[in-house]
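S.K.: what's the 3D shape of this:
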Amino acid sequence: MCGLMFLSLDLPYVVTILLAFPTAGLMARIFIFQHDCGHRSFFTSPTANDWTGRALSILTVMPYSSWRRSHNMHHAASGNLDHCGVGDIDVLTVKEYQALSKGKQFFYRLYRNPITLLLVGTPLYTMILQRIPYTQGAYFRDSHKTLSRRSIFKSVMLTNVSLLAFYSSLAFAIGLVPLLSIALPVLVITAWFYGWAFFVQHQFEDTYWEKHESWNRIEAALMGSSYLALPKILQWFSGNIGIHHVHHACSQIPNYKLQECIDAKPELKELNKISLMQSLKCPGLKLWDEDKKQLVSI
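M.R.: Numbers count the residues shown, from 1 in each chain. Below you'll find the model as predicted:
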């Protein structure tokens, strides 16, 4: 598909942009493979998972090791009001929001605005912020081990060096402008796609949030993750990740087995089911109402 985009550069650029959409769909699918490698579920071998995940970083531009640990922290604390933050989208309760100053309320609304969070934030995070080690957090905890600043630095900078070597070679072969004309729209559209998918997988009206003392991992997994029922072609491009409640209940299930799970347990098909059209309402929900147990608008 990138080859077709390169050939299309002799045509009006709108043709290249149109080709960027299915190319980005394939990139999103590749990211799901990397995501499964991060859970060490794509292959039976941990070594095969890790080296495939690192290799796919060249395409997805995600620093595999530091991303894997931050994402696993997201799984470990999903739905926990006292331990969210790493690998998550920030959510305030109604009471927390009301306790803020007017200025901080404004910045929270700005942060949660879909233009800021999704249209600008996801490409900015994917392409720029993940190149900077110190935006990845001071420490991540994974299986009682600490990923230090040094390890984060190593993961991010080795990815950066690999990206520089790979894309410099491509720029030398085909030219910098053609390379950017192909790569930038693909990376931006891909970031939009999985940024939106990640958002609606947890930011829906009847999701699950509890204080730590009342939090339950399985409840949080099944009730705090949606089943995003996508059209078949989008489900294929997204690697079944819309079946997110099953994925959170057991991240060791690879993407290519998730459909079998809900086929075997039909009741899972109705749990937290959100259609493509219903998902468009999710960005308007910004605060967790502890009394109603619902995500609400401001």
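
S.K.: which regions of the chain lie under the pLDDT threshold?
M.R.: By pLDDT under 70, the low-scoring segments of the chain are 85-87, 135-148.

S.K.: burial measure for Ser275, as a count.
M.R.: 11 (other CB atoms under 10 Å). Placement of C-beta: from N, CA and C, glycine included.

S.K.: could you list every residue that touches the nearest residue to Gly25 once chain neighbours are set aside?
M.R.: Counting by CB to CB, 6 or more residues apart in numbering, Gly25 lies nearest to Phe237, which is 3.8 Å off, once chain neighbours are set aside. Residues near Phe237 by CB atoms under 8 Å, 6 or more residues apart in numbering: 25-26, 28-29, 193.

S.K.: again, only using 6 Å
M.R.: By CB atoms under 6 Å, 6 or more residues apart in numbering, Phe237 lies in contact with 25, 28-29.

S.K.: separation between it and Gly103?
M.R.: Phe237 sits 41 Å away from Gly103, taking CB to CB, to the nearest Å as the criterion.

S.K.: show me where the stretch 151-298 of the chain has helices.
M.R.: 176-202, 217-223, 232-237, 244-249, 258-264, 276-279 (DSSP state H, counting those that start in this stretch).

S.K.: what's the neighbour count on Ile189?
M.R.: Using other CB under 10 Å, Ile189 has 19 neighbouring residues.

S.K.: use 15 as the first number from now on
M.R.: Renumbered: residue one is now 15, and that last one reads Ile203.

S.K.: excluding chain neighbours, what is closest to it?
M.R.: Using CB to CB, 6+ apart and skipping residues adjacent in sequence, the residue nearest Ile203 is Ala38, 3.7 Å away.

S.K.: would you list the helices of the stretch 165-312 of the chain in CSV and tack on distance to Thr61?
M.R.: Formatted as CSV, the helices of the stretch 165-312 of the chain follow (distance: least, CB to CB, whole Å):
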stretch, distance to Thr61
helix 190-216, 26
helix 231-237, 27
helix 246-251, 28
helix 258-263, 23
helix 272-278, 24
helix 290-293, 37
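
S.K.: out of those helices, which gets nearest to Ile31?
M.R.: In terms of CB to CB, the element of those nearest to Ile31 is helix 190-216, at 5.8 Å.

S.K.: same for the closest one, what does it pack against?
M.R.: Here helix 190-216 touches helix 27-52, helix 135-141, going by 3 or more CB pairs under 6 Å, 6 or more residues apart in numbering; DSSP states H and E.
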